[in-house]
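[1] no FASTA, just this:
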């Protein structure tokens, strides 16, 4: 009799668990999730182009790898050693008007054969960075670009790397350096005021083993959502991030829908999509003055979230995702902020 009661209770618990799962899964339909994300454009303030100000960063590197941060949030990590020009819109790293911080670090090439970075910077290593403000010109109906900051790593002469790729960072005979880092400031005039990670918990002060475990569990949960094509759960996890980014970029209805569906979700729920599992060589990287954290793969510091899919032409395509987590208050779990 006791065994029967125990078994009956077990079945009750199982049925309760299944019911709870169904309730959770049915809390939002796929259609409702799509609508929730596509309606984010309605929260955007400063809808006229005359009110909007965008900021872009252009970088050119010579004989080095590099990292660039705006307000201690990563803009780009060049670790493959390619030389050339790249540009990025950086409004998503700017929370409000006023003084902003640009930090650069250049370091030696990544040696793929030996799977390590070279010991010292090459004597021709260098970086040119230009930050521009983009304002709408109502008369010409075009965006005008105004450089507000031009930065160059130290070198002999004034030539840009584009004009003179052999510009020196170091004079012959000077001490070799493992890296070079510098921080400079610039002013931004964005009209919005975002909370972002500004009031979040300083994660550097938490138990690091527990923080790593929590971050890894979050990644694994998101990977599970991707594999199951669970659009409602994916939408809920990305909602706060997307709301702020869409404001920072002043996206309209068409652009908001395109950003969420075409640029992101369609690649996740593609029937051929395969998500890489996390490997064991992971470590925590802090951003946002310790209030934001991400997992990176060692030793090269690459992002672990990679989705492989096959496009209409039968070619393999890869989507590598940024994932930056914060804790809004001490009582809350980690969530996506960028």
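    Cool, got the structure. Computed from a predicted model, the values in this text were never measured in an experiment.

[2] Would you map the helices across the stretch 151-300 of the chain?
    Secondary structure of the stretch 151-300 of the chain by DSSP state H, counting those that start in this stretch: the helices cover 208-227, 231-248, 253-257, 266-268.

[3] now what about the last one, what contacts it?
    So the one you mean is helix 266-268. Residues from elsewhere that reach helix 266-268 (Cβ atoms under 8 Å, 6 or more residues apart in numbering): 226, 229, 234, 273, 307, 309, 317, 319. (Glycine included, C-beta is placed from N, CA and C.)

[4] got the contact list for the last one?
    For residue 319, the set of contacting residues under the criterion of Cβ under 8 Å, 6+ apart consists of 267-268, 306-307, 309.

[5] okay, those residues in TSV with distance to residue 250 next?
    Compiled in TSV, the contacts of residue 319 are given as follows (distance: Cβ to Cβ, whole Å):
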residue	distance to residue 250
267	24
268	25
306	30
307	28
309	30
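
[6] Which one of these is nearest to residue 330?
    residue 268 (31.5 Å; Cβ to Cβ).

[7] The contacts of helix 266-268 in strands, which ones?
    307, 309, 317, 319 (DSSP state E).

[8] The third one pairs with what?
    With DSSP bridges applied, the residues forming beta bridges to residue 317 are residue 309.

[9] Thought residue 309 was touching it, still the case?
    Yes: using Cβ atoms under 8 Å, residue 317 is in contact with residue 309, at 5.5 Å.

[10] out of the ones in strands among the contacts of helix 266-268, who's nearest residue 66?
    Nearest to residue 66 among the ones in strands among the contacts of helix 266-268, with distances taken as Cβ to Cβ, is residue 319, at 23.1 Å.

[11] State the distance from that closest one to residue 280.
    23 Å (Cβ to Cβ, to the nearest Å).

[12] Also residue 42?
    Taken as Cβ to Cβ, the span from residue 42 to residue 280 is 43 Å.

[13] ok, those two, which is more surrounded?
    residue 42 (9 against 6; other Cβ atoms under 10 Å).

[14] Report the secondary structure state of the more buried one.
    Of the three states, residue 42 takes helix under DSSP: H, G, I helix; E, B strand; the rest coil.

[15] residues contacting the residue nearest to residue 91 when sequence neighbours are not counted?
    Closest residue in space to residue 91, ignoring its immediate chain neighbours: residue 248 at 4.1 Å, by Cβ to Cβ, 6 or more residues apart in numbering. By Cβ under 8 Å, 6+ apart, the residues touching residue 248 are 91-92, 94, 190, 192, 194.

[16] Any chance of TSV for those residues, columns neighbour count, distance to residue 330 and pLDDT?
    Formatted as TSV, the contacts of residue 248 follow (neighbours: other Cβ atoms under 10 Å; distance: Cβ to Cβ, whole Å; pLDDT from 0 to 100):
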residue	neighbour count	distance to residue 330	pLDDT
91	22	29	98
92	21	26	97
94	22	26	98
190	22	29	97
192	19	27	97
194	17	21	98
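
[17] any chance of the residues you listed in CSV, with distance to residue 57 too?
    Below are the contacts of residue 248 laid out as CSV (distance: Cβ to Cβ, whole Å):
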residue, distance to residue 57
91, 10
92, 11
94, 11
190, 14
192, 19
194, 18
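
[18] Look at residue 33 and say how many residues are nearby.
    19.

[19] Can I take it that it is in a helix?
    Yes: assessed by three-state DSSP, residue 33 belongs to a helix.

[20] How about the contacts made by it?
    Counted by Cβ under 8 Å, 6+ apart, residue 33 has contacts 231-232, 234-236.

[21] one more time with 6 Å, if that's ok
    By Cβ atoms under 6 Å, 6 or more residues apart in numbering, the residues touching residue 33 are 231-232, 235.

[22] any chance of those in CSV, plus pLDDT, neighbour count and distance to residue 79?
    Output for the contacts of residue 33, formatted as CSV (pLDDT from 0 to 100; neighbours: other Cβ atoms under 10 Å; distance: Cβ to Cβ, whole Å):
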residue, pLDDT, neighbour count, distance to residue 79
231, 97, 20, 33
232, 97, 20, 35
235, 98, 21, 32
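
[23] Which one of the residues you listed is nearest to residue 241?
    Nearest to residue 241 among those, with distances taken as Cβ to Cβ, is residue 235, at 11.1 Å.
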